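A.B. asks: what would the 3D arrangement of this be:
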Amino acid sequence: MSEKLPGKIAVIGLGYVGLPLAVAFAKHFFVVGFDVNEERVEELRRAYDRNMAIPEEKLRSPSLLFTSNPDDLKSCDLFIVAVPTPVDRVKRPDLSHLQEATRLVGRVLAKGAIVVYESTVYPGCTEEVCIPILEQVSGLRAGVDFKVGYSPERINPGDQEHTLERVVKVVAGQDLETTELLARIYGLVVTAGVYKAPNIRTAEAAKVIENVQRDINIALMNELAMLFKRLGLDTWEVLKAARTKWNFLPFEPGLVGGHCIPVDPYYLAYKAQEVGYHPELILAGRRINDGMGVYVARETVKLLIQAGRRVKGARALILGVTFKENVPDVRNTRVEELAWELREHGIEVFGYDPLVEEATLRKLGLTPVSNPFDQHRKLDGAFDVLILAVPHRIFREHSVEDFLSLLRADDFSGVFVDVKAVFRGQTKGVFYWCL
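C.D. replies: As a prediction, this is how the structure comes out:
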């Protein structure tokens with residue numbers, strides 16, 4: 001196995017993880033960016049990234065080829081697999097994308113190549129699931145004819161500070177030689193440095209617990225918020241006081257969605273149960289966070305009753321539906337459960353998100369409306385309930401008066417649910433609540 005740098009790199013999967021990798025490596029190598037989504041590939045060929053993560057000029061690199069044709073992968077000698085690893089309807093790992101991508105690589109794999117996985121998986125998945133597929137499809141032997149490594153993705157969508165280049169990259173190969181070579185290759189694009197894990201299973205475990213830890217910490221904040229509500233305490237004042245201690249971690253309550261945090265704990269839980277261990281804390285955190293959309297909806301219904309408004313037939317406007325601020329991704333958004341629960345109480349649910357297409361809003365169970373802050377103000381006084389679920393930057397540019405003007409002006413007070421407490425302490429004349 002040669003220690004020379006690759007001549008051509010293939011990146012399989014051009015989403016939030018794969019595309020930044022392809023663009024970064026194109027500064028040093030010729031890169032083939034592959035995706036099975038032909039519409040996505042065509043957009044990238046036109047230098048358009050629907051995720052708004054990569055600017056047009058970087059997508060026009062002469063060292064970058066976007067394709068859906070597997071034949072374009074045949075001359076590559078380093079394959080980086082960055083495809084989604086979701087869970088199924090009963091929260092078990094869904095490895096179908098990973099397995100299909102592995103078969104794709106196996107069909108074009110040549111002697112001397114390296115295959116690196118970036119997708120988040122449970123410890124042991126690369127060696128127990130992926131390597132056997134590569135060997136079966138290619139007819140080659142891992143560790144002899146080709147090498148395998150793992151380098152977990154750490155992309156944080158919408159974060160312009162902690163980018164690929166600025167976050168330490170963990171790498172691990174199936175042997176020391178592969179680990180050292182991967183460290184050299186990734187070191188060309190990651191200025192923050194490269195950490196060499198002792199083996200692939202360690203790197204897999206490190207990745208999955210990063211999000212497990214965050215999930216549990218947010219779940220604690222959500223549980224405290226629900227408790228403090230019953231105790232008549234202001235959660236944000238409690239947190240403000242607690243943070244005066246140097247080692248109090250600055251987590252906040254909120255809706256947890258996306259392709260990582262709501263998914264990764266189930267991968268580790270699956271592996272734990274496979275070896276006979278029941279992970280109580282990990283699954284408890286998931287139960288709390290999975291239920292927060294419904295909790296917010298039920299608190300909204302209580303506020304409607306307190307305000308003297310009828311629940312059935314009430315009109316609610318949800319602002320922001322993505323899984324986090326300033327990104328267009330709606331995967332595992334808790335707003336879907338929020339809207340569903342409101343509809344179960346007979347409430348008409350409308351939605352607006354400038355980052356999301358109307359068709360997507362409908363799929364989430366919301367009736368789309370035009371920009372409620374439009375200068376013509378056609379929606380003034382149109383709603384009984386206003387829910388600021390995801391406070392995108394564009395929403396924060398508006399005053400609290402702009403938001404309150406959307407509530408119905410009659411003999412009863414309106415309801416303003418401000419999930420992330422953006423306007424806490426600034427509202428008057430309405431029933432206001434935040435987590």
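A.B. asks: please make it C-alpha for all contacts and neighbour counts, starting now.
C.D. replies: Fine.
A.B. asks: report the secondary structure state of Ile9.
C.D. replies: strand (DSSP: H, G, I helix; E, B strand; the rest coil).
A.B. asks: ok, it touching Asp72?
C.D. replies: No: counting by CA atoms under 8 Å, Ile9 does not reach Asp72; the two are 11.0 Å apart.
A.B. asks: identify the contacts common to the two.
C.D. replies: Common neighbours of Ile9 and Asp72 (criterion: CA atoms under 8 Å, 6 or more residues apart in numbering): Val32.
A.B. asks: what about the two, which has more around it?
C.D. replies: Ile9 (24 against 16; other CA atoms under 10 Å).
A.B. asks: any idea what the more buried one is bridged to?
C.D. replies: Val31, Leu78 (DSSP bridges).
A.B. asks: which residues touch it?
C.D. replies: Counting by CA under 8 Å, 6+ apart, Ile9 touches Phe25, Phe29, Phe30, Val31, Val32, Cys76, Asp77, Leu78, Phe79, Ile80.
A.B. asks: these, buried ones only, as a ChimeraX selection?
C.D. replies: Selecting only the buried entries of those in ChimeraX, with 16 or more other CA atoms under 10 Å as the criterion:
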select :25,29,30,31,32,76,77,78,79,80
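A.B. asks: now do stretch 259-279, average pLDDT.
C.D. replies: Taken as a whole, stretch 259-279 carries a mean pLDDT of 97.
A.B. asks: what sits up against it?
C.D. replies: 84, 86-87, 91-93, 120-123, 208-209, 211-212, 214-215, 256, 282-283, 286, 290, 331-332.
A.B. asks: again, only using 6 Å
C.D. replies: Pro93, Tyr122, Val208, Asn211, Val212, Asp215 (CA atoms under 6 Å, 6 or more residues apart in numbering).
A.B. asks: next: stretch 404-420.
C.D. replies: So stretch 404-420 is in contact with 307, 380-389, 430-435, going by CA under 6 Å, 6+ apart.
A.B. asks: tell me where the stretch 201-350 of the chain has strands.
C.D. replies: 315-319, 348-352 (DSSP state E, counting those that start in this stretch).
A.B. asks: which intervals of this protein have sub-threshold pLDDT?
C.D. replies: 1-3, 376-377 (pLDDT under 70).
A.B. asks: got the domain ranges for it?
C.D. replies: What automatic domain parsing lists as the domains of the chain is 8-201, 208-289, 291-433.
A.B. asks: start to end distance for the shortest one?
C.D. replies: The first and final residues of domain 208-289 sit 17 Å from each other (CA to CA, to the nearest Å).
A.B. asks: ok, now the longest one?
C.D. replies: Distance between the two ends of domain 8-201: 27 Å, counting by CA to CA.
A.B. asks: could you pull out the helices in the stretch 1-150 of the chain for me?
C.D. replies: Secondary structure of the stretch 1-150 of the chain by DSSP state H, counting those that start in this stretch: the helices cover 18-25, 38-45, 56-59, 96-108, 125, 131-138.
A.B. asks: of these, which is nearest Ser68?
C.D. replies: When the helices of the stretch 1-150 of the chain are ranked by distance to Ser68, counting by CA to CA, first place goes to helix 38-45 at 6.1 Å.
A.B. asks: buried residues, that closest one. List them.
C.D. replies: Neighbour count says helix 38-45 has Arg40, Val41, Leu44, Arg45 buried, by 16+ other CA under 10 Å.
A.B. asks: alpha carbons of that helix, as PDB, please.
C.D. replies: Output of helix 38-45 as PDB, limited to C-alpha atoms (Å, rounded to 0.1, in the frame of the first residue of the first chain):
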ATOM      1  CA  GLU A  38     -29.800  14.200 -10.000                       C
ATOM      2  CA  GLU A  39     -31.600  17.400  -9.300                       C
ATOM      3  CA  ARG A  40     -29.100  18.200  -6.600                       C
ATOM      4  CA  VAL A  41     -26.200  17.500  -9.000                       C
ATOM      5  CA  GLU A  42     -27.700  19.800 -11.600                       C
ATOM      6  CA  GLU A  43     -28.100  22.600  -9.100                       C
ATOM      7  CA  LEU A  44     -24.400  22.300  -8.100                       C
ATOM      8  CA  ARG A  45     -23.300  22.300 -11.700                       C
END
